[in-house]
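Chemist: fold the following, please.
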Amino acid sequence: MPNKSTVSVDWAKLEENGFETPKERRICCVFPGIGGGSDRGYVKSLAKTLMKNGYEVAVLHIIGTGNTPYTSAHFTDLSSN
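Modeler: Below is the predicted model:
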């Protein structure tokens, strides 16, 4: 990212969690709120429900959340890029 921020993604894949993969691959991306992350109960519960319904789940951790380090020296207005 332009301001040297770090983001990360945790994946919950169907086969790795004991679920069958449907013929058509489906992915759902979860964006937890500030202070949230893939380690939170509500995110785990949502991921499990989604996997039961055939979705692989990606949880996006923005800067400073979900054990993702805050690496930017400042906040940058990305809308001007």
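
Chemist: averaged pLDDT, stretch 18-26. What do you get?
Modeler: The average of the pLDDT scores along stretch 18-26 is 84.

Chemist: one more: stretch 34-54?
Modeler: 88.

Chemist: which of the residues in it are buried?
Modeler: Residues 36-38, 40, 43, 46-47, 50-51, 54 are the ones in stretch 34-54 that count as buried (16 or more other C-beta atoms under 10 Å). C-betas here are computed from N, CA, C, even on glycine.

Chemist: now do stretch 10-20
Modeler: 10, 12, 14, 19.

Chemist: so the last one versus Cys28, what's the distance?
Modeler: Meaning Phe19. 13 Å (C-beta to C-beta, to the nearest Å).

Chemist: same deal with the first one?
Modeler: Between Asp10 and Cys28 the computed distance is 13 Å (C-beta to C-beta).

Chemist: render the CA-only coordinates of the longest strand along the chain in PDB, please.
Modeler: Longest strand in the chain, counting residues (DSSP state E): strand 55-61. C-alpha atoms of strand 55-61 as PDB (Å, rounded to 0.1, in the frame of the first residue of the first chain):
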ATOM      1  CA  TYR A  55     -18.200 -21.400   1.000                       C
ATOM      2  CA  GLU A  56     -14.500 -21.000   1.600                       C
ATOM      3  CA  VAL A  57     -13.900 -18.000   3.800                       C
ATOM      4  CA  ALA A  58     -11.400 -15.200   3.600                       C
ATOM      5  CA  VAL A  59     -11.100 -12.900   6.600                       C
ATOM      6  CA  LEU A  60      -9.400  -9.600   5.800                       C
ATOM      7  CA  HIS A  61      -7.500  -7.900   8.600                       C
END
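
Chemist: report all helices and strands that that strand contacts.
Modeler: Where contact means 3 or more C-beta pairs under 8 Å, 6 or more residues apart in numbering; DSSP states H and E, strand 55-61 is packed against strand 8-12, strand 26-30, helix 41-52.
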